[in-house]
Each structure stands twice: as C-alpha cells, then as structure tokens.
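Undergrad: Okay, structure incoming, though there's no sequence with it:
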C-alpha cells in the first residue's frame with residue numbers, strides 16, 4: 001500500500017488516537033496537493049457512524065466525505081451524539097466543514113395524529129426526528145439526555161435477540177446480546193445499539209457457519225426459504241464482494257425484522273414536546289424527518305406504502321405549534337412533486353429546510369447529485385447556514401439562527417439563511433473559530 005492507503009486504513013482504526021493521527025496526516029497530504037479530489041457543491045448533514053450503525057468511524061466518515069468532494073459532512077447517529085467531538089476535530093484536521101446532531105424516535109401518541117403511521121414504517125404514532133446543529137458546549141447535556149433512552153432501548157434489544165433466537169435457533173444460530181451484538185457497537189462510549197447490529201451479528205454468524213458463496217446462498221434459499229432477487233444472489237455468490245456482510249444484513253432485514261421487532265415503549269420514545277423543548281433549550285434545531293408516500297423507492301429500501309402526504313398540511317401546522325424549527329428530507333427518496341409541495345408548505349410556515357442522505361452502509365455513496373438540481377439547490381445554502389448556526393452559537397448562544405437575541409433576528413428566515421450561508425462558506429474549516437470574525441464584520 002502507498003502512504004495514502006496506509007493512512008486511509010488507519011483513519012478507520014478502532015483507536016481514537018490512531019484515527020486522529022491519520023486525519024492529520026491525510027489533511028496535510030490533501031493541502032500539499034497529493035490527494036485526488038474533485039470538489040463539488042454537494043454536502044451531507046446526515047452521515048451515520050459507528051456510534052449507531054455504519055462502516056465509518058467518525059474520522060473516516062469525514063475523510064470519505066472530503067474525498068467524495070463534499071464541502072460539509074454532518075454526523076447524525078440514532079440515539080447518540082458520541083461521534084460529535086471526533087467529527088469536529090477530524091473535520092478541522094482534514095479541512096472539511098462539519099455539523100453534529102442526533103436522530104431519535106419520539107411519540108406523537110398524545111397528539112391528534114397519534115393513531116397514524118407518519119414517517120416510521122415500523123410503528124404508528126412513533127416518529128423519527130433529527131436534532132441538528134448542537135452547540136459544542138451542550139454536547140454533554142445531549143449525551144445525558146440520550147442516556148436513559150439507550151438504557152431502555154437495550155432492554156428491548158435483549159428481548160429482540162431472544163425473539164430472533166426463537167425463530168432461528170433451530171437452524172444452528174447461537175446469538176447472545178452481550179457476546180455477539182454489543183461488541184459491534186460503541187455502547188461503552190455512548191453509542192447506541194440498533195436492530196441493524198442484531199442483524200449484523202446474525203449475518204456474521206451465518207458466514208462463520210457456511211462461509212461465503214454457494215453454501216450460504218443454498219442455506220438462504222432452501223433452508224430459510226428466502227426468495228433472493230437475482231442481483232442479490234449474484235452478490236452473495238461472489239466471495240470477493242467487499243460489501244458482503246451489508247448485503248446479507250439487508251436480506252435478513254427484509255426477511256426477519258418485522259418478525260422479531262418489538263414496539264418501543266413511551267420511555268424509549270419520549271413525547272415529541274419534551275424532545276423539541278430540549279432541542280430549543282440548548283439552541284439546537286429540531287427537524288421533522290419527512291418520508292413521504294412511497295410508490296417505488298428510489299433507494300430500494302422502502303416498500304410501497306402511504307405515510308404523511310395525505311395529512312401533510314395538518315402535520316406541518318402541528319410541528320409549528322410544538323416548536324419545530326425545520327423539516328429535513330432526502331432528495332433521492334422523494335419525487336420532484338413531493339419536494340415542491342413540502343418546500344412550499346414549509347416556507348409559508350417559516351420552517352427551515354435541511355437535507356441529508358443517511359449513510360449507514362459501505363455500499364452507499366457519499367454523493368447526492370440531486371442536490372445540484374434546481375429544485376434542491378437551495379438546500380446547499382441551508383447546509384452552510386446550519387454550519388454557521390452551530391459554530392456561532394457555540395461561541396455565543398445569542399448568535400444562533402433562531403435566537404431572539406440574534407443581531408439579525410429582525411430579518412426574515414430566508415434572509416438569515418442567506419447571510420449565515422455566506423458566513424459559513426467564508427469560514428476556514430481548518431480553523432472554525434475564524435467564523436466569529438467573519439460574522440462580526442458582516443453584521
């Protein structure tokens with residue numbers, strides 16, 4: 001391996017010290033012009049890391065985004081903000097702007113929409129939301145806020161492993177939560193454990209039992225009676241497939257998740273008002289994660305199903321009443337008509353629009369070309385405004401984008417976003433504190 005390949009291997013090492021040393025070395029090589037990279041306007045505020053489920057350590061995610069030409073990378077993990085400080089430091093060392101936040105499921109059960117399936121394929125009245133742009137001085141508060149949620153979730157995770165074993169134990173599986181699932185996570189460092197960890201453990205155990213290739217495919221199709229699409233079967237027959245575990249995990253997700261999944265409790269999915277109030281209290285931006293009705297999933301991971309489109313106006317009015325500041329959505333998942341409708345409704349209600357494509361598999365690209373289309377291009381400005389919001393409110397909480405004490409609070413939201421985008425772009429990502437001077441000069 002050449003020098004760059006060696007550092008790229010180490011930036012995804014299990015050791016934080018090794019990862020940051022690699023980030024510094026790669027950043028220096030990049031600034032010396034020794035790294036091939038085609039810069040783009042693209043951004044991604046929703047990259048999962050090993051602190052929920054992902055092939056990427058936080059520093060490796062920052063580097064992968066940089067190599068892909070992105071200007072911004074944001075860490076968003078399920079029920080965890082454990083990646084935040086590493087993401088910020090790695091971004092500084094590499095030279096890419098960063099944002100940090102987390103994603104949680106909250107209860108809408110005590111709202112007028114509590115009996116509907118809103119944006120969660122697995123549950124009625126349980127909704128995914130993102131908390132973006134967490135000021136650095138409040139990261140520890142966010143960790144404390146999430147800790148009890150994870151304790152309750154892990155009780156359910158243990159029960160889910162037992163439920164899965166009741167289904168598959170007859171075929172020789174021996175899955176143990178502590179031995180097989182927890183080591184795949186960052187649980188000891190504040191990371192969360194998800195259903196994907198459970199299915200990953202099952203995938204790894206399958207490979208241990210059958211190896212990769214024909215014997216494993218035979219087990220899936222004949223013993224488990226799983227009908228594999230030709231493309232997936234071809235991938236699983238390829239013993240050199242670098243994404244093998246993720247492809248097998250995907251098969252198990254489609255075949256077993258709904259059979260062992262246990263609905264989360266109200267302790268795990270706290271009331272939406274409590275979550276949004278916390279986000280507003282720490283100066284973060286609470287964003288509803290729009291899914292939209294699925295006819296034919298552009299990303300291939302959602303079956304045809306109806307979600308919030310039939311009652312979208314009622315939902316957005318409710319979001320405003322609760323105190324949400326934004327909506328977030330993923331352009332590759334939605335049609336242009338869906339995006340146009342959401343954008344118009346959000347703008348009339350003073351909701352910021354935030355984009356991001358959730359990266360949690362080695363097979364996914366960091367790039368999102370849809371952002372360069374005219375109907376989505378404004379989301380790039382919003383991403384830079386999010387960067388500025390986070391950095392400026394980390395310096396002075398009154399400088400947050402939605403703070404009533406903001407020096408530009410009298411401006412419209414669109415004007416504030418335009419100004420903050422200008423400030424964000426002018427920041428030196430290797431020295432984020434430079435954003436303070438930029439802001440002071442402009443206001």
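TA: The structure has been received and is ready for your questions. In this text the structure is predicted, and so the values were computed from the model without any measurement.
Undergrad: Please tell me I have it right and residue 49 contacts residue 75.
TA: Yes - taking contacts as C-beta atoms under 8 Å, residue 49 lies within contact range of residue 75: 5.5 Å. C-beta here means a position set from N, CA and C on the backbone, and glycine is covered the same way.
Undergrad: residues shared between the contacts of these two?
TA: Among the neighbours of residue 49, those also in contact with residue 75 (C-beta atoms under 8 Å, 6 or more residues apart in numbering) are 58, 61, 83, 87.
Undergrad: from those residues, which ones fall inside helices?
TA: Among these, the residues falling in helices (DSSP state H) are 58, 61, 87.
Undergrad: which strand is the longest one in this structure?
TA: The residue-count maximum for a strand in the chain (DSSP state E) belongs to strand 97-107.
Undergrad: Quick one: distance of that strand to the chain centre.
TA: Between the centre of strand 97-107 and the centre of its chain there are 7 Å (C-alpha atoms, centre = their mean, to the nearest Å).
Undergrad: Show me what it packs onto, helices and strands only.
TA: strand 43-47, strand 72-78, helix 84-94, strand 126-132, helix 139-168, helix 272-281, helix 378-395 (3 or more C-beta pairs under 8 Å, 6 or more residues apart in numbering; DSSP states H and E).
Undergrad: for stretch 340-356, which positions count as buried?
TA: Applying a neighbour-count criterion of 16 or more other C-beta atoms under 10 Å, the buried positions in stretch 340-356 are 341-343, 345-346, 351-356.
Undergrad: Residue 336 and residue 55, how far apart?
TA: Distance, residue 336 to residue 55, using C-beta to C-beta, to the nearest Å: 31 Å.
Undergrad: okay, those two: which has more neighbours?
TA: residue 55 (20 against 13; other C-beta atoms under 10 Å).
Undergrad: how about the more buried one, what does it touch?
TA: The neighbourhood of residue 55, defined by C-beta under 8 Å, 6+ apart, consists of 12, 246, 361-362.
Undergrad: State the number of residues packed around residue 412.
TA: Using other C-beta under 10 Å, the number of residues around residue 412 comes to 10.
Undergrad: That one and residue 96: what is the separation?
TA: From residue 412 to residue 96 the distance is 30 Å (C-beta to C-beta).
Undergrad: repeat for residue 421
TA: In terms of C-beta to C-beta, residue 421 sits 16 Å off from residue 96.
Undergrad: Do you have the strands of the stretch 151-300 of the chain handy? List them.
TA: Using DSSP state E, counting those that start in this stretch, the strands of the stretch 151-300 of the chain run over residues 285-289.
Undergrad: residue ranges with poor pLDDT in it?
TA: Low-confidence segments of the stretch 151-300 of the chain (pLDDT under 70): 296-300.
Undergrad: ok, back up a step: for PyMOL, what selects the buried ones among the ones in helices among the shared contacts of residue 49 and residue 75?
TA: Written as a PyMOL command, the selection of buried residues from these, which uses 16+ other C-beta under 10 Å, is:
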select buried, resi 58+61+87
